[in-house]
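S.K.: what follows is a predicted structure for the sequence shown.
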Amino acid sequence: MNGFVMGSSVVAVALSPLLALFAAAPPPEGGVALVVAAPWGKAAAQVAQDAHIQEIGPERAPIGVLVKLGDEGSVTRLYENGAWFVVNGQRILELCSS
Amino acid sequence: MQQLKSNLSWLAEGTSFVGNESAALKVCSWVMIPVPALAALILNDLSTWWIFAAISIGLGVLTDQTKSMQPDTRDYVLSFCFVAHCILFTASLTGHPWQMDTHMLFFAALAIVSTLGNPMALLFATALVAVHHLSFSIVIPSLVYPGGDLLSNLARTVLHAVIVLMETGVLLISMKLRSEARAEVLLQQEAVKAQAEAASIAEATAIENQRYAAQVVAVFGEHLAELARGNLNCEIPQNFPAEYEQLRETFNATVAALNETINEVVAASMGIDDTAKDVTRASEDMSRRSESQAATLEETAAAIAEMTASVRSAAEGARNVEQVMGQARTEAEQSGAIVRNAVVAVQAIESSAKKIAQIINVIDEIAFQTNLLALNAGVEAARAGDAGRGFAVVATEVRGLAQRSADAATEIKQLISDSTQQVDKGVLLVRNAGESIGQIVHRVNEISGLVTNISQGAMEQANGLNEINTGMRELDQATQRNSAMVEEATSACKALHTDASRLAGLMSRFQIRASGGRMPKWVA
């Protein structure tokens, strides 16, 4: 029991940077953002398309796509079209590069 | 290594101080629940504040669920929850200038976790903090150390780790001291608890014993009152509690023994009373006999005293007789000498008589010659005629004288012959008398010896009688003392009889079971 608790706790804490990513302030205008959508709803790419946000890169994840934000209301439109999270893409890039 | 394990055995035990410590951590966790969401909403203006709120609530629920967990698991979960609150709080201020300041909360978190008193939980929390920082340093270092490269970030992480380890070490030492103190307190508490339990048990036992004791005392009081009234048939039939059963058996045994003893005392008192009566009668008889014996002894002593005086007088008389016999012996011896002198004198008389007879013979021859001469003268005168007449007358006268001398000489001779015969007889008699006197002296000597022996015997008898008299007086005194003692013994026996009667009276107040089915009859 204790091993499970300790292991789960360590895993949870190790994943805490994700929280920082997802709960952090929205990316700035013109910045890169990661759009995460619900797996059972619209796909992330569809959400970006509906929000009139430009998708970046050839690769797609099932529930997330990288986009380049436009104006100030880009983030708001993404959430309105079904996005779960709009994460600062620069941090994601740091994460991927590390 | 073994020493290290030994030193950290209190760590391995993972013993947490159940109670107020976890409650304090829970309170802190509850306090921390709204903080990340409020910080995200108010300070950092994050639209994702609800994520912090949801996770914080989830952590709160998890914290609340720890009350049903095992203590060590609970400590790990509580540590995780509080560190997670800190992570949430730090994450809630991501991008905010104060985010760096929120790291202070991790140090506070370790201190708060240490209040659990579980060193393993503290190490676990420290590990979580380290994992958190490492993950950020490695994965997203820009969120922790903005503007630095990886090596400098790792160096800063190492610096932070050193600081955290120092704090953890201090907290562990403090916790160890606290653990030891708490262990000591727990030991004392356990001891006190054990003492309290023992006291409680003892109190309950005492109360129960007191109740039993009260019952026992009541029963004993009743039976002792019966015993005080002299009823020795007061055994306790009902059973007592086990701890008092021995007392009841002892009481019953005591009553039985007392019963038997009183029975024996009663019998002994009766025997003493009878014996005292017999002894009193015997003492009175003995007293009378002693008095009679004393009187007899007194008379006997007086008679012996008189006899002693008589014997002493006889001894003195014998001594006087001895003296008289001595005088008689002396006088007899003197008489013997006188007789011997008389014999000598008689022999001298005989010799003188013989000489006288010779003289008489001479005188007779002279007278015969004278007569012859006178006759011749007459013849001559006759021849001378008248001239011779005168001469013849003278011659006749001379002749007559010669005749008378011859006659006288014859008579004297006859007398001397008779005297000689008488002297011979006297000599013989004196000799016989001397012999008789010698025999008398010899007898007197024998008598004197016998009288001396008699005198000595009389004296010895007198001395013996004197000693007998002394013994009789002592016997008389002893008899008188015996008589007095017999009188005292009689008085003592009478007193003993009185005491036995009084004892019988005292014993009569006891109601006893007569041994052998016989109740004693008292004669007071």
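M.R.: Done, it's in.
S.K.: how about the residue in the stretch 251-400 of chain B that chain A sits nearest to: what's its closest non-neighbour residue?
M.R.: Across the stretch 251-400 of chain B, the shortest distance to chain A (Cβ to the nearest Cβ) belongs to residue B:251, at 65.1 Å. C-beta here means a position set from N, CA and C on the backbone, and glycine is covered the same way. Distances taken as Cβ to Cβ, 6 or more residues apart in numbering or on different chains put residue B:236 closest to residue B:251, at 6.0 Å, once the chain neighbours are dropped.
S.K.: residue A:15 now?
M.R.: residue B:135 is the one closest to residue A:15 (Cβ to Cβ, 6+ apart), at 7.7 Å.
S.K.: try residue B:103
M.R.: Per Cβ to Cβ, 6+ apart, closest to residue B:103 is residue B:90, 6.7 Å.
S.K.: buried ones in the one helix or strand that neighbour maps to?
M.R.: According to DSSP states H and E, residue B:90 maps onto helix B:71-92. Neighbour-count burial for helix B:71-92, with 16 or more other Cβ atoms under 10 Å in any protein chain shown as criterion, is recorded at B:71-92.
S.K.: so which elements touch it?
M.R.: If contacts are counted by 3 or more Cβ pairs under 8 Å, 6 or more residues apart in numbering or on different chains; DSSP states H and E, helix B:71-92 sits against helix A:2-14, helix A:16-23, helix B:20-32, helix B:34-38, helix B:49-65, helix B:104-114, helix B:119-139.
S.K.: avg pLDDT for the last one?
M.R.: If I follow you right, that is helix B:119-139. Averaged across helix B:119-139, the pLDDT comes to 84.
S.K.: quick check, the residue of the stretch 251-400 of chain B closest to chain A in a helix?
M.R.: Yes: counting by DSSP: H, G, I helix; E, B strand; the rest coil, residue B:251 is part of a helix.
S.K.: and it, what does it touch?
M.R.: With contact set as Cβ atoms under 8 Å, 6 or more residues apart in numbering or on different chains, residue B:251 has these partners: B:220, B:223, B:235, B:236.
S.K.: what's the last one sitting at in phi/psi?
M.R.: Just to be clear, that refers to residue B:236. phi -90, psi 110 (degrees, to the nearest 10).
S.K.: for the one 3 residues further on, same thing?
M.R.: Dihedral angles phi and psi of residue B:239 (degrees, to the nearest 10) take the values phi -80, psi 150.
S.K.: please, which helix or strand holds whichever residue of the stretch 151-300 of chain B sits closest to chain A?
M.R.: Distances between the stretch 151-300 of chain B and chain A by Cβ to the nearest Cβ are smallest at residue B:153, namely 10.6 Å. Element membership for residue B:153 (DSSP H and E) is helix B:150-228.
S.K.: any regions of chain A where pLDDT drops low?
M.R.: A:57-62, A:91, A:93-98 (pLDDT under 70).
S.K.: interface residues of it facing chain B?
M.R.: With the criterion set to Cβ under 8 Å from any Cβ of the partner chain, chain A comes near chain B through A:1-2, A:5-6, A:9-10, A:12-17, A:19-26, A:79, A:85, A:91, A:94-95, A:98.
S.K.: what's near enough to touch the closest residue to residue B:51 other than its chain neighbours?
M.R.: Computed as Cβ to Cβ, 6+ apart, the closest residue to residue B:51 that is not its neighbour in sequence is residue A:23, at 4.9 Å. Contacts of residue A:23 were listed using Cβ under 8 Å, 6+ apart, and they are B:40, B:46, B:48, B:51, B:52, B:91, B:92, B:94.
S.K.: also residue B:371?
M.R.: B:399, B:402, B:403, B:406.
S.K.: one more time with 6 Å
M.R.: For residue B:371, the contact set (Cβ atoms under 6 Å, 6 or more residues apart in numbering or on different chains) comprises B:399, B:402.
S.K.: for it, give its distance to residue B:395.
M.R.: 10 Å (Cβ to Cβ, to the nearest Å).
S.K.: number of residues surrounding residue 28?
M.R.: By default, I'm working from chain A. Using other Cβ atoms under 10 Å in any protein chain shown, residue A:28 has 13 other residues around it.
S.K.: chain B was what I was after
M.R.: Neighbour count for residue B:28, taken as other Cβ under 10 Å: 19.
S.K.: now stretch B:251-264: buried residues?
M.R.: Buried positions in stretch B:251-264, judged by neighbour count with 16+ other Cβ under 10 Å: B:251, B:255, B:258, B:259, B:262, B:263.
S.K.: extract the C-alpha set from that stretch and format it as PDB.
M.R.: Output of stretch B:251-264 as PDB, limited to C-alpha atoms (Å, rounded to 0.1, in the frame of the first residue of the first chain):
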ATOM      1  CA  PHE B 251     -12.700 -18.900  63.000                       C
ATOM      2  CA  ASN B 252     -14.600 -22.200  63.000                       C
ATOM      3  CA  ALA B 253     -11.400 -24.000  63.900                       C
ATOM      4  CA  THR B 254     -10.900 -21.500  66.700                       C
ATOM      5  CA  VAL B 255     -14.400 -21.900  68.000                       C
ATOM      6  CA  ALA B 256     -14.100 -25.600  67.800                       C
ATOM      7  CA  ALA B 257     -10.700 -25.500  69.600                       C
ATOM      8  CA  LEU B 258     -12.200 -23.100  72.100                       C
ATOM      9  CA  ASN B 259     -15.200 -25.400  72.600                       C
ATOM     10  CA  GLU B 260     -12.900 -28.300  73.100                       C
ATOM     11  CA  THR B 261     -10.600 -26.300  75.400                       C
ATOM     12  CA  ILE B 262     -13.500 -25.000  77.500                       C
ATOM     13  CA  ASN B 263     -14.700 -28.600  77.700                       C
ATOM     14  CA  GLU B 264     -11.300 -29.700  78.900                       C
END
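S.K.: roughly how far does residue B:294 sit from residue B:301?
M.R.: From residue B:294 to residue B:301 the distance is 10 Å (Cβ to Cβ).
S.K.: repeat that for residue B:395.
M.R.: From residue B:395 to residue B:301 the distance is 103 Å (Cβ to Cβ).
S.K.: what about the residue nearest to residue A:15, distance to residue B:165?
M.R.: Taking Cβ to Cβ, one finds residue B:135 at 18 Å from residue B:165.
S.K.: of the two, which one has the most company?
M.R.: Between residue B:135 and residue B:165, counting by other Cβ under 10 Å, residue B:135 is the more crowded of the two (19 against 13).
S.K.: distance-wise, check the more buried one relative to residue B:23.
M.R.: In terms of Cβ to Cβ, residue B:135 sits 31 Å off from residue B:23.
S.K.: quick one: contacts for residue 26?
M.R.: I went with chain A, as the question did not name one. So residue A:26 contacts A:75, A:86 (Cβ under 6 Å, 6+ apart).
S.K.: my bad, the chain I had in mind was chain B
M.R.: Per Cβ under 6 Å, 6+ apart, neighbours of residue B:26: residue B:63.
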